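1. Quick one: sequence plus predicted model below, questions after.
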Amino acid sequence: MAGIPLYFVDLQDDLDDFGFEDYGPDCDSMRITAFLDIPGQDNLTPLARLEKYAFSDNIFNRQIIARGLLDVFRDFSNNEEDFLTVMEIAVRLSEDAEPTVRTELMEQIPPISIFLQESRPNFPTAFSEYLMPIVVRYLTDPNNQVRKAGQEALLILLEQDLVFQNDVENKVCPILLDLSAPDSDDEYKVEAVNIICKMASMLSKTTVERILLPRFCELCGDGKLFQVRKICAANFGDICNAVGQDATERFLIPKFFELCSDSVWGMRKACAECFMAVSYTTSPEVRRSKLSPLFINLISDPCRWVRQAAFQSLGPFISTFANPSSAGLYIREDGTLSIRPAAQDGASSSCQAGSIANIPCSSANSSSPSSEQPMGVKSTVLPSMSDSEVNPLLCTEIPNKDTEEASSESCANPGEDLTRLSQGDDIAACVIEGIKDCQVSNCQGMNSRVQSAEDLFNTFLYWRPPLPDISQDLELLQSKTEMHKDGCSVSEALCNNCVASSEIKKVLETLQEHMDDPDVQAQVQVLSAALRAAQFDSIRDHETKPREETGGKLQKQISSLDASIATVENASSSPSSHDNMIDQTTTSILKSTDSEEPRNGTSDFLKKEQDNLPFEDDKSKLQDIIPQPLLDQYLSMTDPARAQTVDTEIAKHCAYSLPGVALTLGRQNWHCLKDTYETLASDVQWKVRRTLAFSIHELAVILGDQLTAADLVPIFNGFLKDLDEVRIGVLKHLYDFLKLLHADKRREYLYQLQEFVVTDNSRNWRFRYELAEQLILILELYNPNDVYDYLRHIALTLCSDKVSEVRWISFKLVVAILQKFYANNANALGLNFINELVVRFRHCSKWVGRQAFAFICQAVVEEECMPVDQFVEHLLPSLLSLASDPVPNVRVLLAKALRQTLLEKAYFKSVGNPHLEAVEETVLALQSDRDQDVCFFATVKLKQNNMETTSIEKQN
């Protein structure tokens, strides 16, 4: 200690020998400013000595004062006059000419402010008058290191809510606006923009919108520095979140469009990375009509890095379309998925009694869109059925060809999730009843909805060749339709239908050559809707036939219809807007299908059309939750060509975001993702399969037990036989997945659980440790007999593991199995298991096994997993016999079990207990054991505080 004052004399040799780094902030042995309390030869007071060294000519003296300023405030904060003196010294020190001194001082401002807030009642005045001006002044300091320190200090103060609103608006914001002005220095401008973006989330919404938002919008269009625009693009989501939805849509979205079309690819890449955050703060209409086409442009960007960032953000962006009411699920506060109660589920995922049932019939199963989410893709919906025509408790969806073997989704009771029913005659009859009263007015309403949805998307950015002239074909179609409109016999009506169908076929064949044009695609959509209406009219003829014939024929017609329509509808990857010609097409086709008489012949035509139209495989990919082009691009992420042109790990990104996309689409649209999921599950990269394995339990919650059993269980079985890197993903959530299965299906995995014991690498002990933890949870899923026949063997195997961590967790598993037996009154199984434990562990030739027996007995008593009378009869005698074990480690654990557990139970504290005497004798014997550790644990009592334990240790 005597040598410490030498550090502060103005001798360079002493300064070299005693560097101030030796007494830095991490030094626990002394305060940095302890020299102030040591009497020196100068006979100065500590405060005078502080002032002397704070303004010494030696730089290191001033540095040490700046670094120890917090300790100085702690020493002098009790006296108001001394406190103000120290504050004035800090202000003078902030004007030091040496940058390192100013940097050291600024690094101490946040901790000093926190200390003053906790200890000083007049903190607001002192901080605003003395410290805040220092921080603001350092934002314009000529030294770069000092400015960086000032910026970091400002952000910390804002994060800790130490800067008052008045200081923010009158001191901080004005200096930032000056630094980010157009005529400001480039370096200062970049730093100011960065601070504005970071502090936006820490300020109030009104402050950001009123003061900072206009300048941010100007900076987004800064044509001088691309670095400024890049910072704005990278933090665009944070700004949107700070100002809210209204300001985002009015001011920020136009600027976002400009950044997304910036000539510098780094800007476009930054926009793609923050797209989800921007989308999250917009309304569903803006998200669908404006952001979706914009994102499609980023996905097709000529720069590979932009496309790569866009594809990585595609899944998160799709997740912003999620609507809990339509998905039937919601995310709890703890982050887990849960099924929304029936009372809260107002979407088509549940059917309520007394409501009008609707049958969605697009080319694939889809639910009716939520009121919050406008339709963005083409879909055809059958008119609603009255309550007198269909049971209000039954809502059935028409299946498509790809899901025939899994049966269609339906609701059997009000408020329940959609379940899957067989495609039998009952469904056919229900569909016919729903179709019976189909009117043309409903079809026209449907087409108006289709057109309004089409108008939300505009592909005017794409150049296209001239449209083919099909006006003559349309006129011919219209004239022939009107000519037969007033036909008076059924045969004439059937003939009209054949003529209309043949003309539609000619139009479709004409359009096939120009399917690359978005406007032609829109025409095809309307013609497809007309074909649907014609097909449904022809179904009426089947109502008079017996029910046995109806089911089979109707199924063939629906499958044929879906195949022919969907192939044309999916020929495009992006929707487009309608023009006047589409209006003419819609009118003509509706007129051609507007007839009150039943029509025949359409089914035969559709069967032929199914063979002629291409793209049949894409018929099941239509839905109405998200814009179809987004889904198409997401599904294309599994294309091997994408790995070559975009990103080698694009499949991994697809797998990572798949649960979010599935939650957004809902289980009713699982058919859109099924093929993609199967492709990812068989990917050659184990990282892709590993990603799916870690999330398969969440996907099972989203899909429900029916779809899980049909589609996920086979993939789950494949993961069980995969590499350990993939199997660990399944194992970590094994309980979560198995509990979602039916009891019969769950029981099939009893034997397969044994396969987890064997790993590719025997050193991978954490794998077995995770298995033991999961088995503790899985016990509740099976009955005692299954646990005894299957899980018992696994538990005993793990108890003999080479790694102690695995053994100790396995002992807990053994105790849980015993608790399972006795909790379910399976006393016979419990007794057999106890006898096996005694033989395997108590009489084990290795001391580790005998030690495990003592631990198991102690855990049994602690958990009270079996009746006390059973314990004292079957386990206690074997436990007490360990007192004579030759290995001290066994006797130590025995002493712990007896002294800290058994004797603390009320049963053994009761007077006259016949077993108490035997336990006490054993404890006394252990207290006089030749091993010191055994004596200690046989003496010390449980629940004693640390001081008592320490005193006993000292006595021994």
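-> Perfect, thanks for sending it. Residues are numbered from 1 along each chain as shown.
2. which phi and psi does residue 68 have?
-> Residue 68 adopts backbone torsions of phi -100, psi 20, taken as degrees, to the nearest 10.
3. number of nearby residues for it?
-> Neighbour count for residue 68, taken as other Cβ atoms under 10 Å: 26. To be clear about C-beta, it is placed using only N, CA and C from the backbone, and glycine gets the same treatment.
4. same question, residue 868
-> Residue 868 has 15 nearby residues by other Cβ under 10 Å.
5. Helix or strand, whichever it is, which one in the protein has the lowest mean pLDDT?
-> strand 395-396 (a mean of 31; mean pLDDT, DSSP states H and E).
6. quick check: domain ranges of the protein?
-> Here the domain parsing of the chain from the TED database is 27-163, 203-319, 321-329+623-741.
7. Tabulate those (a markdown table), appending distance to residue 747 and mean pLDDT.
-> Compiled in a markdown table, the domains of the chain are given as follows (distance: least, Cβ to Cβ, whole Å; pLDDT from 0 to 100):
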| stretch | distance to residue 747 | mean pLDDT |
| --- | --- | --- |
| domain 27-163 | 53 | 84 |
| domain 203-319 | 35 | 93 |
| domain 321-329+623-741 | 9 | 92 |
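8. Distance to residue 772 added to those domains, as CSV?
-> Formatted as CSV, the domains of the chain follow (distance: least, Cβ to Cβ, whole Å):
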stretch, distance to residue 772
domain 27-163, 41
domain 203-319, 34
domain 321-329+623-741, 11
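9. I'd like to know which of the ones you listed lies nearest to residue 783.
-> Minimum separation from residue 783 across those (Cβ to Cβ) falls at domain 321-329+623-741, 14.0 Å.
10. count of residues packed around residue 940?
-> Number of residues near residue 940 (other Cβ under 10 Å) recorded here: 17.
11. if I look at it, how far off is residue 808?
-> From residue 940 across to residue 808, the span is 22 Å (Cβ to Cβ, to the nearest Å).
12. Check residue 70 too.
-> Applying Cβ to Cβ to residue 70 and residue 808 gives a distance of 45 Å.
13. In terms of neighbours, single out the busier of those two.
-> Neighbour tally, residue 70 and residue 808, criterion other Cβ under 10 Å: the higher count belongs to residue 70, 20 against 15.
14. Tell me the buried residues in the host helix or strand of that one?
-> Per DSSP states H and E, residue 70 falls inside helix 69-76. The neighbour-count check on helix 69-76 (16 or more other Cβ atoms under 10 Å) flags 69-73, 75-76 as buried.
15. what's downstream of the helix or strand residue 193 falls within, the next helix or strand?
-> Following DSSP H and E, the helix or strand that holds residue 193 is helix 186-199. Next helix or strand after helix 186-199 toward the C-terminus (DSSP H and E): helix 205-207.
16. Show me what counts as buried in that next one.
-> Per 16+ other Cβ under 10 Å, helix 205-207 contains these buried residues: residue 207.
17. cool, stretch 734-745 as well?
-> Buried residues in stretch 734-745, defined by neighbour count with 16+ other Cβ under 10 Å: 734-738, 740-741.
18. could I get those as JSON lines with distance to residue 673?
-> Formatted as JSON lines, the buried residues of stretch 734-745 follow (distance: Cβ to Cβ, whole Å):
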{"residue": "734", "distance to residue 673": "23"}
{"residue": "735", "distance to residue 673": "25"}
{"residue": "736", "distance to residue 673": "20"}
{"residue": "737", "distance to residue 673": "18"}
{"residue": "738", "distance to residue 673": "23"}
{"residue": "740", "distance to residue 673": "18"}
{"residue": "741", "distance to residue 673": "20"}
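19. In helices, which of those fall?
-> Among the buried residues of stretch 734-745, the members found in helices (DSSP state H) are 734-738.
20. which one among those gets closest to residue 323?
-> So of these, ranked by how close each gets to residue 323 (Cβ to Cβ), first place is residue 736, at 24.5 Å.
21. Tell me if I'm right that the closest one and residue 697 touch.
-> Yes: assessed by Cβ atoms under 8 Å, residue 736 is found in contact with residue 697 at 4.0 Å.
22. next one: phi and psi at the residue nearest to residue 861 when sequence neighbours are not counted?
-> Spatial nearest neighbour of residue 861, excluding adjacent residues (Cβ to Cβ, 6 or more residues apart in numbering): residue 901 at 5.0 Å. Phi and psi for residue 901, reported as degrees, to the nearest 10, are phi -120, psi -60.
23. Distance check, residue 901 against residue 148.
-> Distance, residue 901 to residue 148, by Cβ to Cβ: 58 Å.
24. go on, residue 759?
-> Counting by Cβ to Cβ - residue 759 and residue 148 are separated by 49 Å.
25. Likewise for residue 927?
-> For residue 927 relative to residue 148 (Cβ to Cβ), the value is 65 Å.
26. So between residue 759 and residue 148, which is more surrounded?
-> residue 759 (18 against 15).
27. I'd assumed residue 171 was in a helix, is it?
-> Yes: assessed with DSSP: H, G, I helix; E, B strand; the rest coil, residue 171 lies in a helix.
28. My read is that the residue nearest to residue 861 contacts residue 863, right?
-> No: assessed by Cβ under 8 Å, residue 901 is found out of contact with residue 863, at 10.4 Å.
29. Which other helices and strands does the strand or helix carrying residue 107 contact?
-> Assigned by DSSP H and E, residue 107 belongs to helix 99-119. Contact here means 3 or more Cβ pairs under 8 Å, 6 or more residues apart in numbering; DSSP states H and E; on that basis helix 99-119 packs against helix 59-67, helix 69-76, helix 80-93, helix 123-126, helix 132-138, helix 144-159.
30. Between these, which one is closest to residue 845.
-> helix 144-159 (61.6 Å).
31. and the next element down the chain from the closest one?
-> helix 165-167.
32. Residue ranges in the stretch 301-450 of the chain under the pLDDT threshold?
-> Along the stretch 301-450 of the chain, the parts satisfying pLDDT under 70 run over 326-450.
33. now the strands for this protein?
-> 329-331, 337-339, 395-396, 408-411, 419-421 (DSSP state E).
34. Looking at the helices and strands packed on helix 99-119, spot the one closest to residue 796.
-> With respect to residue 796, and counting by Cβ to Cβ, the nearest of the helices and strands packed on helix 99-119 is helix 144-159 at 53.4 Å.
35. which other helices and strands contact that closest one?
-> Using 3+ Cβ pairs under 8 Å, 6+ apart, helix 144-159 sits against helix 99-119, helix 132-138, helix 186-199.
36. in it, what counts as buried?
-> 146-147, 149-151, 153-158.
37. Please apply the same query to stretch 774-792.
-> Applying 16+ other Cβ under 10 Å to stretch 774-792 flags 774-776, 778-779, 781-782, 784, 787-788, 790-792 as buried.
38. go on, stretch 276-295?
-> 276-282, 284, 286-295.
39. Also stretch 925-941?
-> Neighbour-count burial for stretch 925-941, counted by 16+ other Cβ under 10 Å, picks out 925-926, 929, 931, 934-938, 940.
40. Brilliant, that's me finished.
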